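Asker: take this sequence and fold it.
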Amino acid sequence: MSCHSEDLGSFERSLRADDHERPDFSSLGKIRQANRCVEYAIETTIEGLIAACGDLLKEEQSSLEAYRDQNSALGSTLDRIKSEDLLIQFADTLLGMVRELRAESNIVQNELAASKDKIIQLLTRASTAEQIARVDTLTQLANRRAFDEAHDQCKELQDQTGQPYSLILLDVDNFKTVNDQYGHAAGDALLSLVARLLRENSKTSDHACRLGGDEFAVLLPRCGEGPARSVADGYCRKIESSVLLYGSHEISITVSCGVAQAMPGKPQSHLPDAWPACG
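Answerer: Numbering: from 1, shown residues only. Here you go, the predicted structure:
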């Protein structure tokens, strides 16, 4: 570059000379050559700068891509953290709801248990009341209501099987005399004794009842009149062979007894009006 500078300086001095002096055109070729060198140097420098800028741009692009990847990974991590936080919050919420439901369930279970106990008590009372409603308080035999129900059952069984059923009625003899002579307590004791003898000498399928006062009845399912008379005779013998011990008194007992058979197809809505005596 220094040699070219000198040529340019010589050419400039020749231009400043007087007009009569001719410029030195011999240095023009050198000047042109120097210009080309300068242009080449400038182009080379520019190309180098462009290449260097390109390399810098590539490095920056790589850095940007790496930064972008880091940001993406960071974003994914943040999203995952947010998701995990949401899941934790959701799990906590569900756990709280489960605890509340469990507490409410315990309350409901306690209430149900209390209600169950009350229902059992009510059913027990109802069963007891039903039992009382069907049992004669004095003799502990079935009462008239239970007798009517047993009679309906015998009738239904007869309709299903075609087999007859029989009825035995018993009436304590001279019961009023016992009450008048020994008192009503003695009469109650006598009725209780008759009831016990009927209960002890009846089959489990038979229905022994106190109709009222000194009147008793026994329903015999699947039993005709003949066998029923034999059962009635057995009752009479058992009762007549017993003696009621009341204080210092021995009170003998006799009963009047009758038997009736219900036949299929014939209505049995009323008890017979008259019964033959037995014994």
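
Asker: residue contacts, the nearest residue to Y165 once chain neighbours are set aside?
Answerer: Residue nearest to Y165 in three dimensions, not counting chain neighbours: C154, with 4.3 Å by CB to CB, 6 or more residues apart in numbering. Any C-beta I mention is one placed from the backbone N, CA and C, and that applies to glycine too. Contact analysis of C154 by CB atoms under 8 Å, 6 or more residues apart in numbering lists Y165, H207, L219, P221, A262.

Asker: who wins for neighbours among those?
Answerer: In terms of neighbours by other CB atoms under 10 Å, these top out with Y165 at 26 neighbours.

Asker: phi and psi next, for that residue.
Answerer: phi -130, psi 160 (degrees, to the nearest 10).

Asker: try Y246
Answerer: phi -130, psi 100.

Asker: if I look at it, how far off is A189?
Answerer: Distance, Y246 to A189, using CB to CB, to the nearest Å: 6 Å.

Asker: equivalent analysis for Q70, please.
Answerer: Using CB to CB, we find Q70 at a distance of 110 Å from A189.

Asker: more crowded one of those two?
Answerer: A189 (19 against 10).

Asker: wait, is that one part of a helix?
Answerer: Yes - assessed by DSSP: H, G, I helix; E, B strand; the rest coil, A189 belongs to a helix.

Asker: can I assume it is in contact with G247?
Answerer: No - using CB atoms under 8 Å as the test, A189 is too far from G247 to be in contact (10.0 Å).

Asker: now do the helices in this protein.
Answerer: 2-15, 28-134, 144-161, 175-182, 184-200, 225-240 (DSSP state H).

Asker: hang on, the earlier thing: widest-spaced pair of the contacts of C154?
Answerer: H207 and A262 (13.5 Å; CB to CB).

Asker: on that earlier part again, save the contacts of C154 as JSON lines, and put in pLDDT and distance to R36 too.
Answerer: Formatted as JSON lines, the contacts of C154 follow (pLDDT from 0 to 100; distance: CB to CB, whole Å):
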{"residue": "Y165", "pLDDT": "95", "distance to R36": "148"}
{"residue": "H207", "pLDDT": "95", "distance to R36": "145"}
{"residue": "L219", "pLDDT": "96", "distance to R36": "148"}
{"residue": "P221", "pLDDT": "94", "distance to R36": "144"}
{"residue": "A262", "pLDDT": "88", "distance to R36": "150"}
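
Asker: let's have these in CSV, adding distance to L87.
Answerer: Formatted as CSV, the contacts of C154 follow (distance: CB to CB, whole Å):
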residue, distance to L87
Y165, 78
H207, 73
L219, 76
P221, 74
A262, 81
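
Asker: where are the low-confidence patches of this structure?
Answerer: 1-28, 30, 67, 71, 74-75, 77-83, 129, 264-279 (pLDDT under 70).

Asker: hmm, try it at 50
Answerer: Filtered on pLDDT under 50, the chain yields the residue ranges 19-20, 269-279.

Asker: for R134, the count of nearby residues, please.
Answerer: Other residues close to R134 by other CB under 10 Å number 16.

Asker: and what of N143?
Answerer: 19.

Asker: how near is it to A195?
Answerer: 11 Å.

Asker: overlap in contacts of those two?
Answerer: D136, R210.

Asker: tell me the contacts of L193?
Answerer: Contact analysis of L193 by CB under 8 Å, 6+ apart lists S242, L244, I253.

Asker: which of these are buried?
Answerer: S242, L244, I253 (16 or more other CB atoms under 10 Å).

Asker: S252 contacts V243, correct?
Answerer: Yes - the pair S252 / V243 is scored as a contact, 5.9 Å apart, by CB under 8 Å.

Asker: just give me the residue right at the centre of the chain.
Answerer: Nearest residue to the geometric centre of the chain (CA atoms, centre = their mean): Q109, 10.3 Å.

Asker: mind listing what it touches?
Answerer: By CB under 8 Å, 6+ apart, Q109 has no neighbours at all.

Asker: from E39, how far out is it?
Answerer: Q109 is 101 Å from E39, by CB to CB.

Asker: cool, and C257?
Answerer: According to CB to CB, C257 and E39 sit 157 Å apart.
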